[in-house]
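Enquirer: The following block contains a protein sequence and its predicted model.
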Amino acid sequence: MRNALSAQQLSAGQRVKMFIQKSPARMAFIIAGLLYLATIIKTPSSFNASAIGSIIMLTLLLSIASAGQTIVLIGGGMDFGVGAVMSSAAILTTTIMNGEDGHFLQLLVTALAMGALVGLLNGVCSVKIGLPPMIVTLAISNVVTRMQYVLTQGSPMGYASPTFIKTVTARLFGLQFLPSIVLYAVVLIPLVFYLLNRSRFGKQVYLVGNNPTAARLSGVSVARVQILTYVFSGLFAAFAGMLGAAYMNAARCQIFDEYAYNSLIAVIIGGTTLSGGVGSYTGSIAGSLVMVVLSNALTTMGFSQPLRNIFMGLIMVLLLILYNREKNVRQ
């Protein structure tokens, strides 16, 4: 009897693990819903239109930052420079705009060029030179961070323009739960889906991440594809930093450095594997929602920042265990 019950329990556990592995995005949305429900039960006043609007705002910001991280991981790489690029783009935003309208195009070109350059350096060093991606991206992000201090002398400079701030933080149609950053997401999210699911580049990214040897034999330029994944990561991180500066109004050095790890955890929660070749942007969006709702729940429960960081680290380890799976390819 006990053996039968034990077998049933084991079978149930296996079914849960299989569901998590096969439907990580769906599981992430379920987890986010349960976390938010727990937060509401703990603090009923947290259930209001303004709070929901803040969750949507931060989720979309993290989702945009996670877009490039998703592409890099699927391609078999890793980018710890997302936070440094975001912080640098935020500083460029407040410095170039300096609280005045009319500088958006100049800012867009400058910030995106910076993000692309950092991504290119990451890609060349990790792919062409063959250095470990984690070490390379950390080292280059450290250089980028030092340049922030050189530019600002360690003090905040300027502000985002009033119009740009409104395009990110204003509520559409007067609805408190609908921030105007949604308008940016309406353009960027379909773009990422197209890149990964419809474009030739996206198919090559999955093939390269899944089996570089097979990709090479199929005529794919593996090095070019992997370098481009880092360039896209830099571009999306830079744009996310611009939006983040509008959300925060002002910017300081390293203001978004935590996004390097938050974006990575969000992508992993969504089911993208560190080994490459497996993942989806839908999962990354769901993972971003989990991260934001979880952070909100921990704050509501009175956890300090160090404790929240420890909790996030433990979650990442747990997810790596749950999502551990072999790729069905011939090496």
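Expert: Yes, it's here. Numbers count the residues shown, from 1 in each chain.
Enquirer: Strands of this structure, residue ranges please.
Expert: With DSSP state E as the definition, the chain shows no strands.
Enquirer: Name all residues that make contact with the residue positioned nearest the centre of it.
Expert: By Cα atoms, centre = their mean, the mean C-alpha position of the chain lies nearest to S66, the distance being 1.9 Å. Contact partners of S66, counting by Cβ atoms under 8 Å, 6 or more residues apart in numbering, are S263, A266, V267, S284, I285, G287, S288. All C-beta spots, glycine's among them, are computed from the backbone N, C-alpha and C.
Enquirer: can you put those in a markdown table and add pLDDT, neighbour count and distance to Y184?
Expert: Compiled in a markdown table, the contacts of S66 are given as follows (pLDDT from 0 to 100; neighbours: other Cβ atoms under 10 Å; distance: Cβ to Cβ, whole Å):
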| residue | pLDDT | neighbour count | distance to Y184 |
| --- | --- | --- | --- |
| S263 | 93 | 35 | 17 |
| A266 | 92 | 29 | 18 |
| V267 | 93 | 29 | 20 |
| S284 | 95 | 31 | 16 |
| I285 | 96 | 26 | 14 |
| G287 | 93 | 33 | 19 |
| S288 | 95 | 29 | 15 |
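Enquirer: As JSON lines, the residues you listed with distance to L120 would be great.
Expert: Output for the contacts of S66, formatted as JSON lines (distance: Cβ to Cβ, whole Å):
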{"residue": "S263", "distance to L120": "19"}
{"residue": "A266", "distance to L120": "24"}
{"residue": "V267", "distance to L120": "21"}
{"residue": "S284", "distance to L120": "23"}
{"residue": "I285", "distance to L120": "26"}
{"residue": "G287", "distance to L120": "27"}
{"residue": "S288", "distance to L120": "26"}
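Enquirer: hang on, C125 packs against I135?
Expert: No. With contact defined as Cβ atoms under 8 Å, C125 does not count as touching I135 (9.3 Å).
Enquirer: more crowded one of those two?
Expert: Between C125 and I135, counted using other Cβ atoms under 10 Å, C125 has the larger neighbour count: 20 against 13.
Enquirer: where does the more buried one land on pLDDT?
Expert: As predicted, C125 sits at a pLDDT of 96.
Enquirer: and the gap between it and V143?
Expert: Separation of C125 from V143 (Cβ to Cβ, to the nearest Å): 11 Å.
Enquirer: S218 now?
Expert: In terms of Cβ to Cβ, S218 sits 36 Å off from V143.
Enquirer: what's the answer for Q226, then?
Expert: With distances taken as Cβ to Cβ, Q226 is found 21 Å from V143.
Enquirer: Which one of these two is surrounded by more residues?
Expert: Neighbours per residue (other Cβ under 10 Å) separate Q226 from V143, with Q226 holding more: 25 against 12.
Enquirer: which residues touch G158?
Expert: Shown in contact with G158 (Cβ under 8 Å, 6+ apart): T94, T95, I96, M97, N98, G99, A250.
Enquirer: can you rerun that using 6 Å?
Expert: Taking Cβ atoms under 6 Å, 6 or more residues apart in numbering, we find G158 in contact with T94, T95, N98.
Enquirer: Same question for T229.
Expert: Taking Cβ under 6 Å, 6+ apart, one finds I71, V72, G75, G77 in contact with T229.
Enquirer: Nearest to V150 among those?
Expert: V72 (27.0 Å; Cβ to Cβ).
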